[in-house]
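A.B. asks: Structure for this input, please:
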Amino acid sequence: MTILVTGATGTVGRHVVKQLVQKGERVRAVSRNPARANLPEGVEVVAGDLNAPDTLRGAFVGAKGLFLITSSDEPDGSLETRPKVIELAEQAGVKRVAVLVGYEEGPVEEALKASRMEWTLLKPGEFMANILADWKDSIRQEGVVREAFGDAPSARIHEADIAAVAAAALLEDGHHGQSYILTGPESLTRREAVKVVGERLGREIVFDELTEEQARQNWRDQGYEEGDIEFFVLMGKNPPAIGHTVVPTVEQVLGRPAKTLAEWVDEHKHEFG
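C.D. replies: Sure, this is the predicted structure:
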């Protein structure tokens, strides 16, 4: 069967595509810029935009599974997936859908639950990949990580584990109606995470803890609105338990332990210089 992957060039989507291909599945990937997708050989890349559901009509033809994102880490614009996508998928004969849920469920998830399709919701915590976005440059250039709230814990998850659970939900029976909270196998503070990164890279990395006001100014300089900044501060001071409480879902679904931060760093050493 053909599985349609949206967000195929994103942090999780690339892993979904790769793992499905490795399992011998036929994969059709949606991209706003197909010529720049750079996906594995054999993947059918089609143009489409989740912000404009009607552009996906052709992509759904013949697809029996769907990996769907509702928010994006792409730098080329915001994403607002609409419930119309669920309607089009069902009309086209899609049987199973795995959704990467953002901060909370919304109209898309509501429409999916009301459909006749099998569905699985994936609710991961913080991605280990965020380390590349947030820390890579300062580690490469100075051997320093500058962050506020150094004792804020997080059960970071490897993005490949999220993808593996998505693949299982699309290919195996028994996942319909499940809302999977996904974490890594350990809860580490930011300070502890920096230590792990340094140990795996084989060099000392200094954790330079910012004051709250320094952090606020950094976010302002990056263009964030005050409402966003207040949310960041709240998460740093009082991180919700769901973000740092380790759960065994990955191991239960996949039959193996979730990947550790040390394993993730080993896979990405070349990106830290």
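A.B. asks: Could you pull out the helices in this structure for me?
C.D. replies: According to DSSP state H, the chain carries its helices in the segments 13-22, 57-60, 84-92, 107-114, 130-142, 159-171, 190-201, 212-221, 226-237, 241-244, 249-254, 261-267.
A.B. asks: Please identify which of the ones you listed is closest to Y180.
C.D. replies: Comparing these by their distance to Y180 (C-beta to C-beta), the top pick is helix 249-254, with 5.1 Å. In this view, the C-beta of every residue, glycine as well, is placed from N, C-alpha and C.
A.B. asks: tell me what the closest one is packed against?
C.D. replies: In terms of contacts (3 or more C-beta pairs under 8 Å, 6 or more residues apart in numbering; DSSP states H and E), helix 249-254 is packed against helix 159-171, strand 178-182.
A.B. asks: Tell me which residues of it come out buried.
C.D. replies: Across helix 249-254, burial judged by 16 or more other C-beta atoms under 10 Å covers T249, V250, V253.
A.B. asks: cool, and stretch 251-271?
C.D. replies: With burial defined by 16+ other C-beta under 10 Å, the residues of stretch 251-271 counted as buried are V253, A258, K259, T260, L261, E263, W264, V265, H268.
A.B. asks: could you redo the residues you listed as JSON lines and give each row pLDDT?
C.D. replies: Output for the buried residues of stretch 251-271, formatted as JSON lines (pLDDT from 0 to 100):
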{"residue": "V253", "pLDDT": "98"}
{"residue": "A258", "pLDDT": "98"}
{"residue": "K259", "pLDDT": "98"}
{"residue": "T260", "pLDDT": "98"}
{"residue": "L261", "pLDDT": "98"}
{"residue": "E263", "pLDDT": "98"}
{"residue": "W264", "pLDDT": "98"}
{"residue": "V265", "pLDDT": "98"}
{"residue": "H268", "pLDDT": "97"}
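A.B. asks: closest to Y103 among the residues you listed?
C.D. replies: Using C-beta to C-beta, the buried residues of stretch 251-271 come closest to Y103 at A258, 21.3 Å.
A.B. asks: show me what contacts the nearest residue to E199 once chain neighbours are set aside?
C.D. replies: Distances taken as C-beta to C-beta, 6 or more residues apart in numbering put A262 closest to E199, at 7.5 Å, once the chain neighbours are dropped. Taking C-beta atoms under 8 Å, 6 or more residues apart in numbering as the contact definition, A262 lies against V196, E199, R200.
A.B. asks: Now with 10 Å, please.
C.D. replies: Residues near A262 by C-beta atoms under 10 Å, 6 or more residues apart in numbering: E186, V196, V197, E199, R200.
A.B. asks: Derive a ChimeraX selection command for the buried subset of these.
C.D. replies: Here is the ChimeraX command that selects the buried residues among those (16+ other C-beta under 10 Å):
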select :186,196,197,200
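A.B. asks: could the contacts of A262 be laid out in a markdown table, adding distance to T6 and pLDDT?
C.D. replies: Below are the contacts of A262 laid out as a markdown table (distance: C-beta to C-beta, whole Å; pLDDT from 0 to 100):
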| residue | distance to T6 | pLDDT |
| --- | --- | --- |
| E186 | 30 | 98 |
| V196 | 32 | 98 |
| V197 | 31 | 98 |
| E199 | 37 | 98 |
| R200 | 32 | 98 |
